[in-house]
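S.K.: Show me how the following folds:
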Amino acid sequence: MKIKSILFNFENILLIFWIGCLLSINSKISDIYIENNNYLNTAIVFLRIIFPVLVFLILIFFLKIKKLNLFILSYFIYATWQLIIYTPSKEFIIDNFERYHLTLSMIAILLIIHVAGYLQYKKFYLKILYCSIFFIGSVSLYLSFFIVRDFITNNDIIYLYSNNILVAEGRNLLQTNPRITGVSRMLGLLLLFIFSLYICKKEKKFIYSFIFLSTIFITSLLIYGMQSKGSYISILLLLFYYIFFFRDKIKKKLLIFFIITVLPILTFETIIKIKIEIIKINNESLEINNIKSRFLSNNYLVIDGKITKDYTTGRVEIWKRKEP
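M.R.: Residues are numbered from 1 along each chain as shown. Sure thing, here's the model as predicted:
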(Lines give C-alpha, C1' and ligand atoms only; values in the text may rest on other atoms or scores of the structure.)
Protein backbone atom coordinates (compact mmCIF):
# COMPACT_ATOMS: atom_id res chain seq x y z
CA MET A 1 0.00 0.00 0.00
CA LYS A 2 2.84 2.40 0.80
CA ILE A 3 4.51 1.78 -2.58
CA LYS A 4 1.20 2.31 -4.35
CA SER A 5 0.50 5.53 -2.45
CA ILE A 6 3.98 6.85 -3.29
CA LEU A 7 3.69 6.05 -6.99
CA PHE A 8 0.21 7.49 -7.37
CA ASN A 9 0.77 10.55 -5.19
CA PHE A 10 0.44 13.43 -7.63
CA GLU A 11 3.02 15.52 -5.80
CA ASN A 12 5.56 12.72 -6.26
CA ILE A 13 4.58 12.45 -9.92
CA LEU A 14 5.32 16.16 -10.33
CA LEU A 15 8.67 15.59 -8.62
CA ILE A 16 9.45 12.78 -11.09
CA PHE A 17 8.50 15.15 -13.91
CA TRP A 18 10.93 17.72 -12.52
CA ILE A 19 13.79 15.20 -12.23
CA GLY A 20 13.12 13.98 -15.78
CA CYS A 21 13.28 17.55 -17.08
CA LEU A 22 16.57 18.08 -15.24
CA LEU A 23 18.01 14.99 -16.93
CA SER A 24 16.84 16.29 -20.30
CA ILE A 25 18.87 19.52 -20.03
CA ASN A 26 21.05 20.12 -23.09
CA SER A 27 19.40 17.27 -25.01
CA LYS A 28 19.15 17.87 -28.74
CA ILE A 29 17.44 15.98 -31.53
CA SER A 30 20.66 16.01 -33.55
CA ASP A 31 22.32 13.92 -30.80
CA ILE A 32 20.32 10.91 -32.02
CA TYR A 33 22.34 10.88 -35.23
CA ILE A 34 25.62 11.11 -33.30
CA GLU A 35 24.75 8.03 -31.22
CA ASN A 36 23.21 6.03 -34.10
CA ASN A 37 25.78 3.23 -33.77
CA ASN A 38 24.89 2.55 -30.14
CA TYR A 39 21.28 1.50 -29.58
CA LEU A 40 21.39 1.94 -25.81
CA ASN A 41 22.80 5.47 -26.04
CA THR A 42 20.30 6.32 -28.77
CA ALA A 43 17.43 5.12 -26.56
CA ILE A 44 18.69 7.21 -23.62
CA VAL A 45 19.06 10.30 -25.81
CA PHE A 46 15.56 9.76 -27.24
CA LEU A 47 14.04 9.48 -23.75
CA ARG A 48 15.79 12.67 -22.65
CA ILE A 49 14.41 14.49 -25.68
CA ILE A 50 10.84 13.21 -25.46
CA PHE A 51 10.37 13.50 -21.68
CA PRO A 52 9.72 17.28 -21.41
CA VAL A 53 7.37 17.02 -24.39
CA LEU A 54 5.33 14.35 -22.59
CA VAL A 55 5.28 16.50 -19.44
CA PHE A 56 3.98 19.41 -21.50
CA LEU A 57 1.24 17.29 -23.13
CA ILE A 58 0.11 15.93 -19.75
CA LEU A 59 0.19 19.10 -17.66
CA ILE A 60 -1.20 21.50 -20.25
CA PHE A 61 -4.65 20.23 -19.28
CA PHE A 62 -4.03 21.41 -15.70
CA LEU A 63 -3.31 24.98 -16.78
CA LYS A 64 -5.48 27.51 -14.97
CA ILE A 65 -5.04 30.91 -16.61
CA LYS A 66 -6.71 32.81 -13.78
CA LYS A 67 -4.39 31.23 -11.21
CA LEU A 68 -1.14 32.25 -12.92
CA ASN A 69 1.10 34.48 -10.83
CA LEU A 70 3.03 37.33 -12.42
CA PHE A 71 6.33 35.41 -12.49
CA ILE A 72 4.97 32.38 -14.35
CA LEU A 73 2.72 34.52 -16.57
CA SER A 74 5.67 36.61 -17.77
CA TYR A 75 7.58 33.49 -18.79
CA PHE A 76 4.52 32.01 -20.48
CA ILE A 77 4.17 35.20 -22.54
CA TYR A 78 7.87 35.05 -23.39
CA ALA A 79 7.64 31.39 -24.48
CA THR A 80 4.53 32.05 -26.56
CA TRP A 81 6.20 35.04 -28.19
CA GLN A 82 9.19 32.86 -29.10
CA LEU A 83 6.87 30.42 -30.88
CA ILE A 84 5.14 33.24 -32.74
CA ILE A 85 8.15 35.18 -34.01
CA TYR A 86 10.34 32.20 -34.94
CA THR A 87 10.63 31.75 -38.69
CA PRO A 88 11.31 28.09 -39.57
CA SER A 89 14.28 27.41 -41.82
CA LYS A 90 13.67 25.37 -44.96
CA GLU A 91 17.29 24.20 -45.09
CA PHE A 92 17.84 23.14 -41.47
CA ILE A 93 14.73 21.20 -40.47
CA ILE A 94 16.34 19.69 -37.37
CA ASP A 95 17.19 23.16 -36.07
CA ASN A 96 13.50 24.07 -36.27
CA PHE A 97 12.48 21.12 -34.12
CA GLU A 98 15.27 21.84 -31.63
CA ARG A 99 14.10 25.43 -31.16
CA TYR A 100 10.50 24.32 -30.64
CA HIS A 101 11.71 21.58 -28.28
CA LEU A 102 13.61 24.13 -26.18
CA THR A 103 10.54 26.34 -25.84
CA LEU A 104 8.26 23.40 -24.97
CA SER A 105 10.77 22.30 -22.33
CA MET A 106 10.61 25.73 -20.71
CA ILE A 107 6.81 25.63 -20.71
CA ALA A 108 6.89 22.13 -19.18
CA ILE A 109 8.99 23.45 -16.28
CA LEU A 110 6.58 26.36 -15.81
CA LEU A 111 3.62 23.98 -15.80
CA ILE A 112 5.20 21.86 -13.06
CA ILE A 113 5.70 24.94 -10.88
CA HIS A 114 2.22 26.26 -11.70
CA VAL A 115 0.39 23.00 -10.94
CA ALA A 116 2.30 22.52 -7.65
CA GLY A 117 1.35 26.05 -6.59
CA TYR A 118 -2.26 25.66 -7.70
CA LEU A 119 -2.61 22.41 -5.69
CA GLN A 120 -0.85 24.07 -2.73
CA TYR A 121 1.96 21.58 -2.36
CA LYS A 122 3.89 23.72 0.14
CA LYS A 123 6.88 21.39 0.53
CA PHE A 124 7.22 20.78 -3.20
CA TYR A 125 9.43 23.80 -3.87
CA LEU A 126 11.87 22.70 -1.18
CA LYS A 127 11.97 19.22 -2.73
CA ILE A 128 12.76 20.50 -6.22
CA LEU A 129 15.43 22.78 -4.72
CA TYR A 130 17.21 19.81 -3.15
CA CYS A 131 16.82 17.74 -6.33
CA SER A 132 18.23 20.56 -8.45
CA ILE A 133 21.19 21.14 -6.12
CA PHE A 134 21.92 17.41 -6.02
CA PHE A 135 21.83 17.30 -9.83
CA ILE A 136 24.06 20.37 -10.21
CA GLY A 137 26.46 19.10 -7.55
CA SER A 138 26.71 15.62 -9.07
CA VAL A 139 27.46 16.89 -12.59
CA SER A 140 29.94 19.57 -11.47
CA LEU A 141 31.82 17.27 -9.08
CA TYR A 142 31.89 14.46 -11.65
CA LEU A 143 33.53 16.73 -14.22
CA SER A 144 35.76 18.34 -11.59
CA PHE A 145 37.15 14.93 -10.63
CA PHE A 146 38.44 14.29 -14.16
CA ILE A 147 39.68 17.88 -14.51
CA VAL A 148 41.71 17.59 -11.31
CA ARG A 149 43.03 14.19 -12.38
CA ASP A 150 44.16 15.74 -15.65
CA PHE A 151 45.85 18.54 -13.70
CA ILE A 152 47.76 15.98 -11.60
CA THR A 153 48.85 13.71 -14.47
CA ASN A 154 49.51 16.27 -17.22
CA ASN A 155 52.53 18.55 -16.94
CA ASP A 156 51.09 21.00 -19.48
CA ILE A 157 48.14 21.83 -17.21
CA ILE A 158 48.85 24.71 -14.85
CA TYR A 159 45.42 26.17 -14.16
CA LEU A 160 42.31 24.00 -14.34
CA TYR A 161 40.69 25.85 -17.23
CA SER A 162 43.43 24.64 -19.57
CA ASN A 163 42.40 20.99 -19.33
CA ASN A 164 42.01 18.22 -21.91
CA ILE A 165 38.72 16.95 -20.49
CA LEU A 166 36.38 19.71 -21.66
CA VAL A 167 37.78 20.07 -25.16
CA ALA A 168 35.61 22.21 -27.42
CA GLU A 169 33.02 20.17 -29.35
CA GLY A 170 33.95 17.06 -27.36
CA ARG A 171 31.32 14.90 -25.69
CA ASN A 172 30.75 13.69 -22.15
CA LEU A 173 27.72 12.05 -20.56
CA LEU A 174 26.10 11.68 -24.02
CA GLN A 175 26.18 15.42 -24.73
CA THR A 176 28.49 18.21 -25.83
CA ASN A 177 31.04 19.25 -23.24
CA PRO A 178 30.25 22.35 -21.22
CA ARG A 179 32.89 25.06 -21.11
CA ILE A 180 34.94 25.40 -17.95
CA THR A 181 32.99 28.56 -17.09
CA GLY A 182 29.80 26.49 -17.00
CA VAL A 183 31.32 23.95 -14.60
CA SER A 184 32.64 26.79 -12.45
CA ARG A 185 29.19 28.42 -12.26
CA MET A 186 27.63 25.13 -11.22
CA LEU A 187 30.20 24.90 -8.44
CA GLY A 188 29.31 28.48 -7.55
CA LEU A 189 25.65 27.50 -7.10
CA LEU A 190 26.73 24.51 -5.03
CA LEU A 191 28.87 26.79 -2.88
CA LEU A 192 25.96 29.19 -2.40
CA PHE A 193 23.72 26.34 -1.23
CA ILE A 194 26.28 24.86 1.18
CA PHE A 195 27.15 28.31 2.50
CA SER A 196 23.46 29.10 3.10
CA LEU A 197 22.95 25.84 5.00
CA TYR A 198 25.94 26.56 7.19
CA ILE A 199 25.00 30.18 7.95
CA CYS A 200 21.32 29.43 8.64
CA LYS A 201 22.11 26.58 11.03
CA LYS A 202 21.82 27.92 14.58
CA GLU A 203 23.48 25.14 16.54
CA LYS A 204 26.92 24.29 15.13
CA LYS A 205 28.92 21.43 16.58
CA PHE A 206 32.62 21.22 15.82
CA ILE A 207 32.28 18.24 13.45
CA TYR A 208 29.38 19.91 11.64
CA SER A 209 31.36 23.15 11.20
CA PHE A 210 34.51 21.31 10.13
CA ILE A 211 32.68 19.33 7.41
CA PHE A 212 30.88 22.35 6.03
CA LEU A 213 33.88 24.68 6.12
CA SER A 214 36.06 22.01 4.49
CA THR A 215 33.49 21.56 1.73
CA ILE A 216 33.29 25.33 1.24
CA PHE A 217 37.10 25.53 1.03
CA ILE A 218 37.40 22.70 -1.52
CA THR A 219 34.65 24.18 -3.68
CA SER A 220 36.27 27.63 -3.53
CA LEU A 221 39.63 26.06 -4.40
CA LEU A 222 38.16 24.46 -7.53
CA ILE A 223 36.44 27.68 -8.57
CA TYR A 224 39.67 29.65 -8.23
CA GLY A 225 41.61 27.01 -10.16
CA MET A 226 39.08 27.20 -13.00
CA GLN A 227 39.72 30.97 -13.19
CA SER A 228 36.19 32.00 -14.17
CA LYS A 229 35.87 35.71 -13.43
CA GLY A 230 32.06 35.62 -13.41
CA SER A 231 31.95 32.84 -10.83
CA TYR A 232 34.49 34.56 -8.62
CA ILE A 233 32.60 37.86 -8.75
CA SER A 234 29.47 36.01 -7.59
CA ILE A 235 31.46 34.66 -4.61
CA LEU A 236 32.62 38.16 -3.71
CA LEU A 237 29.05 39.46 -3.93
CA LEU A 238 27.94 36.61 -1.65
CA LEU A 239 30.61 37.54 0.88
CA PHE A 240 29.73 41.23 0.63
CA TYR A 241 26.09 40.46 1.38
CA TYR A 242 27.03 38.18 4.29
CA ILE A 243 29.53 40.55 5.88
CA PHE A 244 27.36 43.66 5.75
CA PHE A 245 23.84 42.26 6.20
CA PHE A 246 24.21 39.26 8.54
CA ARG A 247 24.46 39.62 12.29
CA ASP A 248 27.38 37.34 13.07
CA LYS A 249 30.52 37.84 15.09
CA ILE A 250 33.36 39.68 13.38
CA LYS A 251 35.73 36.78 14.06
CA LYS A 252 33.39 34.37 12.31
CA LYS A 253 33.01 36.67 9.30
CA LEU A 254 36.76 37.06 9.00
CA LEU A 255 37.23 33.28 9.26
CA ILE A 256 34.71 32.62 6.49
CA PHE A 257 36.24 35.35 4.31
CA PHE A 258 39.67 33.76 4.81
CA ILE A 259 38.41 30.24 3.99
CA ILE A 260 36.54 31.30 0.83
CA THR A 261 39.06 33.73 -0.66
CA VAL A 262 42.54 33.93 0.86
CA LEU A 263 43.17 30.28 1.76
CA PRO A 264 42.09 28.79 -1.63
CA ILE A 265 44.27 31.28 -3.53
CA LEU A 266 47.32 30.63 -1.36
CA THR A 267 46.77 26.87 -1.52
CA PHE A 268 46.33 26.65 -5.29
CA GLU A 269 49.23 28.98 -6.08
CA THR A 270 51.44 26.94 -3.73
CA ILE A 271 50.36 23.72 -5.49
CA ILE A 272 51.27 25.29 -8.83
CA LYS A 273 54.75 26.27 -7.60
CA ILE A 274 55.35 22.78 -6.22
CA LYS A 275 54.22 21.22 -9.51
CA ILE A 276 56.53 23.49 -11.53
CA GLU A 277 59.49 22.62 -9.31
CA ILE A 278 58.76 18.91 -9.71
CA ILE A 279 58.60 19.34 -13.49
CA LYS A 280 61.94 21.17 -13.51
CA ILE A 281 63.56 18.49 -11.37
CA ASN A 282 62.39 15.72 -13.71
CA ASN A 283 63.36 17.69 -16.81
CA GLU A 284 66.15 20.22 -16.18
CA SER A 285 66.22 21.42 -19.79
CA LEU A 286 62.57 22.42 -19.69
CA GLU A 287 61.96 26.15 -19.35
CA ILE A 288 58.64 27.24 -17.91
CA ASN A 289 57.77 30.90 -17.56
CA ASN A 290 55.04 33.50 -18.06
CA ILE A 291 52.58 31.63 -15.88
CA LYS A 292 50.10 34.16 -14.54
CA SER A 293 46.60 34.05 -13.14
CA ARG A 294 43.96 34.77 -15.76
CA PHE A 295 42.36 37.11 -13.23
CA LEU A 296 45.35 39.42 -13.72
CA SER A 297 46.24 38.83 -17.38
CA ASN A 298 45.75 36.57 -20.39
CA ASN A 299 47.32 33.34 -19.24
CA TYR A 300 49.59 31.29 -21.44
CA LEU A 301 52.34 28.76 -20.95
CA VAL A 302 55.72 29.09 -22.65
CA ILE A 303 57.91 26.00 -22.84
CA ASP A 304 61.29 26.25 -24.57
CA GLY A 305 60.29 29.63 -25.99
CA LYS A 306 57.05 28.37 -27.57
CA ILE A 307 53.43 28.79 -26.52
CA THR A 308 52.18 25.24 -26.08
CA LYS A 309 48.48 25.93 -25.68
CA ASP A 310 45.83 28.51 -26.52
CA TYR A 311 44.19 28.77 -23.10
CA THR A 312 40.64 29.70 -24.00
CA THR A 313 37.38 28.21 -22.74
CA GLY A 314 36.50 26.81 -26.14
CA ARG A 315 34.91 29.85 -27.76
CA VAL A 316 37.64 30.34 -30.38
CA GLU A 317 37.45 26.74 -31.60
CA ILE A 318 33.65 26.91 -31.82
CA TRP A 319 33.75 30.22 -33.72
CA LYS A 320 36.29 28.80 -36.17
CA ARG A 321 34.09 25.75 -36.86
CA LYS A 322 32.74 25.74 -40.38
CA GLU A 323 29.02 25.27 -40.68
CA PRO A 324 27.85 22.70 -43.30
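S.K.: can you list the domains in the protein?
M.R.: 2-122, 130-285 (automatic domain parsing).
S.K.: Give the rounded mean pLDDT of the shortest one.
M.R.: Model confidence over domain 2-122, given as mean pLDDT, is 84.
S.K.: close enough to count as contact, Leu187 and Tyr224?
M.R.: No: counting by C-beta atoms under 8 Å, Leu187 stays clear of Tyr224, with 10.3 Å between them. All C-beta atoms are positioned from the backbone trio N, CA, C, and that covers glycine.
S.K.: will you turn the domains of the chain into JSON lines that also has mean neighbour count?
M.R.: Compiled in JSON lines, those are given as follows (neighbours: other C-beta atoms under 10 Å):
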{"stretch": "domain 2-122", "mean neighbour count": "15"}
{"stretch": "domain 130-285", "mean neighbour count": "16"}
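S.K.: Ile256 reaches Tyr242, doesn't it?
M.R.: Yes: applying C-beta under 8 Å as the test, Ile256 and Tyr242 come out as touching, 7.1 Å apart.
S.K.: Check which helix or strand Ile77 maps to.
M.R.: For Ile77, the host element (DSSP states H and E) is helix 70-85.
S.K.: So which elements touch that helix?
M.R.: With contacts taken as 3 or more C-beta pairs under 8 Å, 6 or more residues apart in numbering; DSSP states H and E, helix 70-85 sits against helix 93-118.
S.K.: Against which helices or strands is the helix it packs on packed?
M.R.: Packed next to helix 93-118, using 3+ C-beta pairs under 8 Å, 6+ apart, are helix 10-23, helix 39-59, helix 70-85, helix 124-153.
S.K.: cutoff 7 Å now
M.R.: Contact here means 3 or more C-beta pairs under 7 Å, 6 or more residues apart in numbering; DSSP states H and E; on that basis helix 93-118 packs against helix 10-23, helix 39-59, helix 70-85.
S.K.: Specify the angle between the last one and helix 93-118 in degrees.
M.R.: So that's helix 70-85. Relative orientation of helix 70-85 versus helix 93-118 (axes from the mean of the first three to the mean of the last three C-alpha atoms, to 10 degrees): 160 degrees.
S.K.: How about residues contacting helix 70-85?
M.R.: Helix 70-85 has contacts (C-beta atoms under 7 Å, 6 or more residues apart in numbering) with Leu68, Thr103, Met106, Ile107, Leu110, Ile113, His114.
S.K.: Could you measure from the fourth one over to Asn96?
M.R.: This means Ile107. Distance of Ile107 to Asn96, given as C-beta to C-beta, to the nearest Å: 17 Å.
S.K.: In three-state terms, label Ile235 for me.
M.R.: Three-state assignment for Ile235 (DSSP: H, G, I helix; E, B strand; the rest coil): helix.
S.K.: can you pull the contacts of it?
M.R.: Shown in contact with Ile235 (C-beta under 7 Å, 6+ apart): Gly188, Leu191, Ser220, Ile223, Ile260.
S.K.: Just read off the phi/psi values of the residue nearest to Arg99 when sequence neighbours are not counted.
M.R.: Spatial nearest neighbour of Arg99, excluding adjacent residues (C-beta to C-beta, 6 or more residues apart in numbering): Tyr86 at 5.9 Å. Main-chain dihedrals, Tyr86, degrees, to the nearest 10: phi -70, psi 130.
S.K.: Format the helices and strands packed on helix 93-118 as CSV; extra columns: distance to Pro178.
M.R.: Formatted as CSV, the helices and strands packed on helix 93-118 follow (distance: least, C-beta to C-beta, whole Å):
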stretch, distance to Pro178
helix 10-23, 15
helix 39-59, 16
helix 70-85, 23
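S.K.: To Asp150, which of these lies closest?
M.R.: Ranking the helices and strands packed on helix 93-118 by proximity to Asp150 (C-beta to C-beta) places helix 39-59 first, at 23.9 Å.
S.K.: what separates the residue nearest the centre of the chain from Leu222, distance-wise?
M.R.: Nearest to the geometric centre of the chain sits Met186, at 3.1 Å (C-alpha atoms, centre = their mean). Distance, Met186 to Leu222, by C-beta to C-beta: 10 Å.
S.K.: Arg179 and Arg185, how far apart?
M.R.: 10 Å.
S.K.: er, Ser140 actually
M.R.: 9 Å.
S.K.: can you check Ile113 too?
M.R.: In terms of C-beta to C-beta, Ile113 sits 22 Å off from Arg185.
S.K.: Let me know the closest of the contacts of helix 70-85 to Ile25.
M.R.: For the contacts of helix 70-85, the nearest to Ile25 is Met106 (11.2 Å; C-beta to C-beta).
S.K.: hang on, Ile32 packs against Ala43?
M.R.: No: between Ile32 and Ala43 there is no contact under C-beta atoms under 7 Å: 9.8 Å.
S.K.: and of the helices and strands packed on helix 93-118, who's closest to Asn155?
M.R.: Across the helices and strands packed on helix 93-118, closest to Asn155 is helix 39-59 (C-beta to C-beta), at 33.5 Å.
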